[in-house]
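J.: Got a predicted structure plus its sequence, pasted below:
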Amino acid sequence: MMIQKLEKVFYYHRDTPLNYNIAFLVLRFFTGLAFCTIFEKLFPRNGIWGPQDWFIQDVAEMGFPFPVFFAWFAVLAEFFGGILLISGLLTRPAALLNAVVTFIAAFIYHQGDIANSGLTAFLFLVMCVCIFLFGAGKFGLDYIIHLKMKKNND
């Protein structure tokens, strides 16, 4: 029973054309890379690792209780979720988690202004939803795990 539930996380549809798999590899890789690097919230800036004071303040202004905790949560979700997206490991959970983070950025922080200040967050939300729906594809660690689990069940 547990194996069948886990298999849904790693599931890959074998009939997917090669060009789809290549396209989703490119999307998954560059989305993950951007989450790890572009937002610059984890790596040290001004000698401070992790969320900067401005980001913690923004989280507090959005009304989250324990803003330091939620700021760290967002930073770590983006960074480690990005690594998972790049590798294609636990792709769907990582994409879902980052979809939640980018939804909050686009629709709470930027107040739904997806034509201007919230556009980047909204685009990352759309990319995460696409990755969540498709999964890692053939060029990810999820596919290898799926094959091993299937082989062990046969």
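T.: Happy to help now that I have it. Model, not experiment: these values are computed from the prediction.
J.: Quick one: the helices in this structure, in order.
T.: Secondary structure of the chain (DSSP state H): helices located at 2-10, 18-37, 53-61, 67-87, 91-104, 119-134, 141-153.
J.: could these go into JSON lines alongside mean pLDDT?
T.: Output for the helices of the chain, formatted as JSON lines (pLDDT from 0 to 100):
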{"stretch": "helix 2-10", "mean pLDDT": "60"}
{"stretch": "helix 18-37", "mean pLDDT": "93"}
{"stretch": "helix 53-61", "mean pLDDT": "92"}
{"stretch": "helix 67-87", "mean pLDDT": "94"}
{"stretch": "helix 91-104", "mean pLDDT": "96"}
{"stretch": "helix 119-134", "mean pLDDT": "95"}
{"stretch": "helix 141-153", "mean pLDDT": "85"}
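J.: taking those helices together, which one is wrapped up most tightly?
T.: helix 91-104 (a mean of 21; mean count of other Cβ atoms under 10 Å). Using the backbone N, CA and C atoms, a C-beta is placed for each residue, glycine as well.
J.: angle of it against helix 18-37?
T.: 50 degrees (axes from the mean of the first three to the mean of the last three Cα atoms, to 10 degrees).
J.: Number the chain from 840, please
T.: OK, 840 is where the count begins now, so the last one is helix 930-943.
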